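Visitor: Fold the stuff below for me.
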Amino acid sequence: MTFKGKAHQAIVAKLLDEIRAQDSVPTISVKSDMMVSGKGGATHQIDVYWAFLVGTKACKCVITAQHWDKPVSQRELDRFRAVLADLPALHTGVFAGSSGYQKGARIFAESCGIAVYVFPFTIEMTNDSVTFFVPRFERVSPVFDEQWIEAVLTRKMREGESFDPNAWSPDERTHLFDERRAARTVREVLHEHYLAEMRETPAHEICVRFDRPTYIETGDQEAPTLKVSGLDALFSITSYTEDFNRVSEDFAHGAVTFTLAKACAQSFGE
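Guide: Residues are numbered from 1 along each chain as shown. Modelled structure (predicted):
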């Protein structure tokens, strides 16, 4: 299964283009989808890795990009903080989310030295207003690999024990794992498979099928994971419009170049 879907890839590609085009600071190198070993032995996947010069000082920046249908939580930012702390050298961090941040999340990020902004990806701007397009996933349910279930959980099933896989709603707590144990939430997997279109979309059934062995966590001690072949959900896109003057500079044209260069320079004390 590929967890990095079209929406995520589009954000990363846009970030790379903007970094290469900017002239605020000289770029030494910029790469995407890097695997970096941490001080504690863990390996971290980096969406965008940017090395650049501020004056005569070489600086390093790690950017993570998320395309979700709900605001980023403080917990997600804390996970990113832990990654930055585990990297072997000083790195500034930038978190790019597509649907804003929960209350208190920005303050938490600032206290950790993480620059955050909303990626202008699912919006449409005019001179007077900004329209936001918000994808939603409801009635999410796993499609279990029946052959695997029968072979592995035969005894448990025959004994008629109750079993709730805790994966019947699009929450951020239920995770999927591939064969490498790389984890993504159910919500993130669905969102990355369905690129948000710039129009309202009525609710309709969708299905995501995995082409690699994939497992879902259950919350059950005897069978902590189950093999799944896909996810089914009810998908829709709604929109709302705000006056341009009320929208943060996060959504202004040039936000990527402005925010990255400014945040990185400030984080290194320039």
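
Visitor: Which residues does the residue nearest the centre of the chain form beta bridges with?
Guide: The residue lying closest to the centre of the chain (CA atoms, centre = their mean) is residue 66, at 2.6 Å. Beta bridges link residue 66 to residue 97, judged by DSSP bridges.

Visitor: Now do the contacts for it.
Guide: Residue 66 is in contact with 8, 72, 76, 95-98, 188, counting by CB atoms under 8 Å, 6 or more residues apart in numbering. Backbone N, C-alpha and C define where each C-beta goes, glycine included.

Visitor: measure residue 112 to residue 234 for me?
Guide: Separation of residue 112 from residue 234 (CB to CB, to the nearest Å): 36 Å.

Visitor: same deal with residue 203?
Guide: Distance, residue 203 to residue 234, by CB to CB: 5 Å.

Visitor: Could you do residue 17 as well?
Guide: The spacing between residue 17 and residue 234, counted by CB to CB, is 34 Å.

Visitor: With neighbour numbers in mind, choose between the two.
Guide: Between residue 17 and residue 234, residue 234 has the larger neighbour count (other CB atoms under 10 Å), namely 15 against 11.

Visitor: Quick check, the more buried one in contact with residue 139.
Guide: Yes: between residue 234 and residue 139 there is a contact at 4.5 Å, judged by CB atoms under 8 Å.

Visitor: still on that earlier bit, CSV for the contacts of residue 66, including distance to residue 225, pLDDT and neighbour count?
Guide: Converted to CSV, those look like this (distance: CB to CB, whole Å; pLDDT from 0 to 100; neighbours: other CB atoms under 10 Å):
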residue, distance to residue 225, pLDDT, neighbour count
8, 24, 77, 23
72, 26, 85, 25
76, 22, 90, 22
95, 28, 91, 23
96, 30, 86, 28
97, 28, 81, 24
98, 29, 75, 25
188, 17, 71, 24
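
Visitor: can you confirm residue 207 is in a strand?
Guide: Yes: per DSSP: H, G, I helix; E, B strand; the rest coil, residue 207 lies within a strand segment.

Visitor: Show me what it is bridged to.
Guide: residue 232.

Visitor: For it, the count of nearby residues, please.
Guide: Applying other CB under 10 Å, we find 11 residues neighbouring residue 207.

Visitor: who's in contact with it?
Guide: Residues near residue 207 by CB under 8 Å, 6+ apart: 143, 230-233.

Visitor: Give me the pLDDT for it.
Guide: For residue 207, the pLDDT comes out at 90.

Visitor: any idea how far residue 190 is from it?
Guide: Separation of residue 207 from residue 190 (CB to CB): 10 Å.

Visitor: hey, what's in contact with both of the two?
Guide: Common neighbours of residue 207 and residue 190, using CB under 8 Å, 6+ apart, are 231, 233.
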